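Trainee: After the sequence you'll find the predicted model.
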Amino acid sequence: MKLELTQVSRWYGNVVAVNDVTMTIGPGVTGLLGPNGAGKSTLLHIMAGFLAPSNGTVTLEGRKVWKNHHIYRDIGLVPEREGLYGFLTGWQLVLTAARLHGLPDPGAATRRALATVDMEHAKDRRVETYSKGMKQRVKVAAALVHDPAVLLLDEPFNGMDPRQRLHLMDLIRRMGASGRTILFSSHILEEVERVAQHIEVLVAGRHAASGDFREIRRLMTDRPHLFRIRSSDDRRLAAALVVDGSTGGVTLGEDGLEVQATDFRRFTWLVARVARAEGIRLLQVSPADEDLESVFSYLITRSS
Amino acid sequence: MNATVAGITYRAVLGRRRILLLVLLPLALLGLALLLRLVGSADERTAVLLMQKFVIGTMLPLLGLIAGTGVIAPEIDDGTVIHLLSKPISRPVIAVTKFAVAASLLVLFAAVPTYLAAWILIRTESGVAPGFALGALVAGIAYSAVFLFLGVVTKHAVAIGVVYALVWEGLVGSLVPGARKFSIQQWAQTIADQLATSPFVETDVTLGFAVPALVIVTVGAVLLTGRRLRAFSLTGED
C-alpha cells in the first residue's frame, strides 16, 4: 500500500513544523531521517491521522487519512511515547488490540503477534514490569496484531540497548521484505542505513533529500569538510596542502589552520602524507563540522 | 458502545488511587446518616438537609468530576488513549462508551448510597429516599457527561471542574436567582421533588425546564466529546 503526501505543511502560529513536504511511501522499509526538532514526529503524526495538516493532503491508497478511523484497518502505529496500560499483561494488551480491531480469532492473532516480536516468554507479566526494549516490542506486537499493510514507528530504537536494537532492526527488515510498507523515524544515520532501503531526510521541517541509502551516504560524505589543524609549522603545511586538488581553501589563523577539503577521502590521506614528506609534526587534526546538524544543514543549502 | 473499550476503561479507573475518593464520599454519607440516626436526630428536615447539602451540593459534583474526567483524562495525559484511538472504531462510539462507564459509576457510588442514606434516616417517609436517589441519578449522569467533555478539551479538567462545582454550582447557583435555572444541582432538586412530598424540598426550576435542560446538557456534552475525539491531535513532542 502507498501512503502519499502532497504538499503537506503544518504550522503552529508562526512556527512552521513541516514545510511543503511531498513524498510517497511505498512497500519496503523507509527511514525518515532528521535531527531532533526537524518535524519528524509531526510528519509521522500527520501520516497516522493524529494531526491535521495545515495545508496539503495525506492519503492511503487514495483515501484521506485525517478524521477517518477506517484507515486503522490498514495502519499499525507505534508512537514514541510510552502509552501502555501498565496494569495489563503483555498478552492482555495485545489481545485488547485484537479485540478492538474486531478480529475473528483474537487469541490466535495475539499469539502470532507475540511470536513475531519474540515476547511469548514474558506474555503473562504485567507491562509495567517490562524493560524499555520489551515495552517497545510489545507495542510493535499490538500494532501488528491485525496484520496491517502499513506500519509507522516513531523513533523505535530510542532507549533500547544494543541487543534489543539489533533484534528490532532484524524484525523491521523482515517485515519490509515481506512486502509491508514500513516507515520509521530516527535521528541516527547508522540506524537508518542498516534497516531502510529508502531514506527520506527531513531538516527544519523541509524535505531535504530522498533516495537510496547509498545515495544519501554519498551526499553526506561528499560535501566539503572543514578541518582544524595545528602543526609544528602551519604556514609551510598550508602551502603544501593548497597545491593538491582535494583542498578547497586554507585559512591561516592565530591558533592553526582551517582547511576546506573538497574530497574527504583523498584529503584525510593527503594530510599525513604531506606532513611526513615536509618533516612537519601534526599536533592536532580535527573535523570542525562533523556533527549531524552541519551535515543536515549542508543538505538543505544544497537542495534549495 | 464497545465492550472492549468499556472493559479496559473500568480497569483503568478502578485501578487508580482516585477510586478511593469514589468510595470514601459515599461511605462518609452513610456514616453521617448512621450517626444522625444514633443520636436521635433522624427527622425529615435533617434528612432533606443532608440530601441537599451533602449529596446534591458536595458529593455529586465531586464524584461526577472524579468519574467523568477519570474515564479519559489520565489516558490522554499519558498517551494510552492512542491504543484506543488507533483502531477502526468510530470516535463517537468511544465517547459514548466512556460516558456509559462514568455514568454507571455514578449510579453505583452516588445514587445507590443516596437511597440507602435517606432510608437509614427516615425509611421511605415522604418519598425523600426515592426522590433524591432519582435526583442523584440524573444529576450524576449529567455531571458524567459534562466532566467527560471537560476532560477531552483541557488538560486542567480537574482544576476547572472544581472551580465550576464550587463557584458556579455552589455560590452563584444558590445566591443569584437567575443563574439557578442553569445549575445541574437545581435541576436535580426539581427531579427529586417529583417523588418527594416533603415540604422541606423547595425548588425554583420547573420540571418543564429541568428535564429538557438535563437531556440537552447530557446529550450535547457526549456529542461534543465525540466530535472532539474525531479531531484528536498529538502535538508538542518534536
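Mentor: Yep, that arrived. Quick caveat: nothing in here was measured; it's all calculated off a predicted structure.
Trainee: ranges for the helices of chain A?
Mentor: Secondary structure of chain A, counting by DSSP state H: helices at A:40-47, A:90-100, A:106-116, A:132-144, A:162-177, A:189-195, A:213-221, A:234-242, A:264-278, A:292-303.
Trainee: what's the most buried one of these?
Mentor: Mean neighbours per residue, mean count of other C-beta atoms under 10 Å in any protein chain shown, is largest over the helices of chain A for helix A:40-47, with a mean of 26. In short, each C-beta sits where N, CA and C put it, glycine included.
Trainee: Mind listing residues that contact it?
Mentor: Residues outside helix A:40-47 that contact it (C-beta atoms under 8 Å, 6 or more residues apart in numbering or on different chains): A:3, A:5, A:8, A:10, A:17-18, A:21, A:25, A:32, A:34, A:51-53, A:58, A:65-66, A:80, A:152, A:154-155, A:183, A:185, A:187, A:202, A:205, B:233-235, B:237-238.
Trainee: Compare the helices of chain A and say which comes out lowest on pLDDT.
Mentor: Per-segment confidence across the helices of chain A bottoms out at helix A:292-303, which has a mean of 65 in mean pLDDT.
Trainee: thinking again about what came up before, a markdown table please, covering the helices of chain A and showing distance to B:Arg228.
Mentor: A markdown table is the format used below for the helices of chain A (distance: least, C-beta to C-beta, whole Å):
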| stretch | distance to B:Arg228 |
| --- | --- |
| helix A:40-47 | 17 |
| helix A:90-100 | 20 |
| helix A:106-116 | 29 |
| helix A:132-144 | 24 |
| helix A:162-177 | 34 |
| helix A:189-195 | 36 |
| helix A:213-221 | 40 |
| helix A:234-242 | 64 |
| helix A:264-278 | 53 |
| helix A:292-303 | 37 |
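Trainee: which one of these lies closest to B:Thr69?
Mentor: With C-beta to C-beta, the closest approach to B:Thr69 among the helices of chain A belongs to helix A:90-100: 22.1 Å.
Trainee: quick one, what contacts the nearest residue to B:Leu21 once chain neighbours are set aside?
Mentor: Distance criterion C-beta to C-beta, 6 or more residues apart in numbering or on different chains; nearest residue to B:Leu21, sequence neighbours excluded, is B:Ile66 at 5.4 Å. The neighbours of B:Ile66, taking C-beta under 8 Å, 6+ apart as the test, are B:18, B:21-22.
Trainee: Quick one: mean pLDDT over the helix or strand hosting B:Ile66.
Mentor: Applying DSSP states H and E as the criterion places B:Ile66 in helix B:60-70. For helix B:60-70, the mean per-residue pLDDT is 94.
Trainee: Show me how far that helix is from its chain's centre.
Mentor: Here the centre of helix B:60-70 is set off from its chain's centre by 6 Å, with C-alpha atoms, centre = their mean, to the nearest Å.
Trainee: Would you mind listing the buried residues in the next helix-or-strand element following it?
Mentor: Sequence-wise, the next helix or strand downstream of helix B:60-70 (DSSP H and E) is helix B:73-78. Residues of helix B:73-78 classed as buried: B:73-76 (neighbour count, 16 or more other C-beta atoms under 10 Å in any protein chain shown).
Trainee: Which of the helices of chain A sits closest to B:Val211?
Mentor: The nearest among the helices of chain A, by C-beta to C-beta, is helix A:90-100 at 36.0 Å.
Trainee: helices or strands next to the closest one in the packing?
Mentor: Helix A:90-100 is packed against helix A:106-116, helix A:132-144, helix B:3-14, helix B:81-85, with contacts defined by 3 or more C-beta pairs under 8 Å, 6 or more residues apart in numbering or on different chains; DSSP states H and E.
Trainee: how about those in JSON lines, adding distance to B:Ile160?
Mentor: Below are the helices and strands packed on helix A:90-100 laid out as JSON lines (distance: least, C-beta to C-beta, whole Å):
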{"stretch": "helix A:106-116", "distance to B:Ile160": "39"}
{"stretch": "helix A:132-144", "distance to B:Ile160": "32"}
{"stretch": "helix B:3-14", "distance to B:Ile160": "20"}
{"stretch": "helix B:81-85", "distance to B:Ile160": "19"}
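Trainee: Residue of the stretch 201-304 of chain A closest to chain B, please.
Mentor: Going by C-beta to the nearest C-beta, chain B is nearest to A:Gly205 of the stretch 201-304 of chain A, at 9.5 Å.
Trainee: For that residue, the count of nearby residues, please.
Mentor: In terms of burial, A:Gly205 registers 24 neighbours under the definition other C-beta atoms under 10 Å in any protein chain shown.
Trainee: correct me, but it touches A:Asn19?
Mentor: Yes - with contacts defined as C-beta atoms under 8 Å, A:Gly205 counts as touching A:Asn19 at a distance of 4.2 Å.
Trainee: Spit out the residues that contact these two alike.
Mentor: Counting by C-beta under 8 Å, 6+ apart, the common neighbours of A:Gly205 and A:Asn19 are A:Gly39.
Trainee: list the contacts for the residue in the stretch 51-200 of chain A that chain B sits nearest to?
Mentor: Checking the stretch 51-200 of chain A residue by residue against chain B with C-beta to the nearest C-beta singles out A:Gly83 as nearest, at 3.3 Å. Going by C-beta under 8 Å, 6+ apart, A:Gly83 touches A:139, B:78-83.
Trainee: which among the residues you listed end up buried?
Mentor: Under a neighbour-count criterion of 16+ other C-beta under 10 Å, the subset of the contacts of A:Gly83 counted as buried comprises A:139, B:79-83.
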